[in-house]
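Colleague: output the structure for:
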Amino acid sequence: MQEPIFLQAYLEEKIWGGQKLQTQFGMDIPSEHTGEAWVISGHEHGQSIVTSPEAYKGLKLADLYQQAPDIFGGQVADRFPLLIKIIDAKEDLSVQVHPDDAYGLAHENDLGKTECWYIMDADPGAYLIYGHNAADKQAFLDMVANNQWDDLLRKVPVKAGDFFAVPAGTIHAIGGGVLILETQQSSNTTYRVYDYGRKDAAGNERDLHIQQSADVTMFPHVDTKPTAELTKLEGGTSYDYWTNDYFAVFKWTVTDEMRLDLSRAYQLCTVIEGAGQITVGDQSWSIQAPDAFILPSDLSQVTLSGDMALMVAEER
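Modeller: From the prediction side, this is the model:
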């Protein structure tokens, strides 16, 4: 396969979602409370659909992963390993934590979730919950029981262009007014720690998972500091944000015409701002935010042109 594989996103409504996926990107959202676009997903909960090339058009990504292993380096696991989302948090998300693989597979029949966030946009005064102040598990349980949320949770102000690494076991929440590109393991397992007493459409508070949260949270909290590295290229830059056991994440910023020699891994690409073209050999495709596509593992070189930025992930 010597061309990009373009995908149509799965869109999901959320109690905290908004309309930015429509107003900023022109997506046909299902409601005024649309929280997530799963732009590259093979997860059973919501899958991306291939729109191009014609040979694979209409396939779910999970099916493409099984039927065409050469696109993905020939080493196909039992499930597509990564999930890329754009998240529009009109209101605060619940405070949550994700398990690691061992706990997730044992208790939920799903992978754990290590993830990271690139802040695409943030309203003035916006913040994240990132980490906690409990020394150990018992201190955590005591603070939760006594509703000491202001003492327990760490608030971090954010702005567009910030990046956060969120390994499994990190207590976290996206605050209202934040738009992010999330790269994560392909998992939908979330343990809810706190939800501000909110009620759903039926008037019920959503379930909390305090014991599971205590079981999987890291104590004490340690900030994960990515080692960022900027590489200047003709026509743009490549910025390596974070590499962990599951994936590497970087950003390509294109200012003119940028030729890239690719690794032997497949790349998951999302245009996060601007527009331009991607060229392979003598064939070109127009791309713009929020287009998402996969560069197959046997593709050795592409040329990007225009004025745009893309977030890119590689499986590890």
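Colleague: which element is the nearest residue to residue 161 once chain neighbours are set aside on?
Modeller: Nearest non-adjacent residue to residue 161, counting by Cβ to Cβ, 6 or more residues apart in numbering: residue 119, 6.4 Å away. (Each C-beta comes from the backbone N, C-alpha and C, glycine too.) Assigning secondary structure by DSSP states H and E places residue 119 in strand 115-122.
Colleague: number of nearby residues for residue 204?
Modeller: By the criterion of other Cβ atoms under 10 Å, residue 204 has 9 neighbours.
Colleague: point out where this protein drops to low pLDDT.
Modeller: Residue ranges of the chain with pLDDT under 70: none are present.
Colleague: quick revisit: distance of the residue nearest to residue 161 from residue 160?
Modeller: 6 Å (Cβ to Cβ, to the nearest Å).
Colleague: more neighbours, these two?
Modeller: residue 119 (19 against 13).
Colleague: surely the more buried one and residue 180 touch.
Modeller: Yes. Here residue 119 reaches residue 180: they are 5.7 Å apart, a contact under Cβ atoms under 8 Å.
Colleague: list the buried residues for stretch 180-198?
Modeller: Neighbour counts over stretch 180-198 (16 or more other Cβ atoms under 10 Å) mark 180-195 as buried.
Colleague: if we can go back for a sec, how about the contacts made by the residue nearest to residue 161?
Modeller: Residue 119 is in contact with 158, 159, 160, 161, 162, 163, 164, 178, 179, 180, counting by Cβ atoms under 8 Å, 6 or more residues apart in numbering.
Colleague: over to residue 103?
Modeller: Listed by Cβ under 8 Å, 6+ apart, the contact partners of residue 103 are 112, 215, 216.
Colleague: for the residue nearest the centre of the chain, give its distance to residue 212.
Modeller: Compute the mean C-alpha point of the chain, and by Cα atoms, centre = their mean the closest residue is residue 182, 2.0 Å away. Separation of residue 182 from residue 212 (Cβ to Cβ): 21 Å.
Colleague: tell me the bridge partners for the residue nearest to residue 285 when sequence neighbours are not counted.
Modeller: Nearest residue to residue 285 in three dimensions, chain neighbours excluded: residue 278, at 5.3 Å (Cβ to Cβ, 6+ apart). Here residue 278 shows beta-bridge partners residue 285, residue 304, assigned using DSSP bridges.
Colleague: what's the burial count for residue 278?
Modeller: Applying other Cβ under 10 Å, I find that residue 278 has 26 neighbouring residues.
Colleague: over to the one 4 residues further on?
Modeller: Counted with other Cβ under 10 Å, the neighbours of residue 282 add up to 5.
Colleague: how far away is it from residue 295?
Modeller: From residue 282 over to residue 295 (counting by Cβ to Cβ), the distance is 17 Å.
Colleague: which residues sit against stretch 142-160?
Modeller: 95, 119-122, 125-134, 140, 164, 171, 173, 175, 178, 193-194, 210, 221.
Colleague: same thing with stretch 46-53?
Modeller: For stretch 46-53, contacts defined as Cβ under 8 Å, 6+ apart pick out 1, 3-10, 12, 38-42, 56-62, 64, 285, 292.
Colleague: in strands, which of these appear?
Modeller: 5-8, 10, 12, 38-42, 285, 292 (DSSP state E).
Colleague: please produce CSV containing those, extended by distance to residue 149 and neighbour count.
Modeller: Listed next are those as CSV, based on distance: Cβ to Cβ, whole Å; neighbours: other Cβ atoms under 10 Å:
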residue, distance to residue 149, neighbour count
5, 44, 26
6, 43, 21
7, 38, 27
8, 39, 15
10, 32, 20
12, 27, 17
38, 30, 26
39, 32, 27
40, 34, 25
41, 32, 27
42, 36, 21
285, 48, 15
292, 36, 26
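Colleague: what's the farthest-apart pair in those residues?
Modeller: Spatially, the most separated pair among the ones in strands among the contacts of stretch 46-53 is 12 and 285, at 26.8 Å (Cβ to Cβ).
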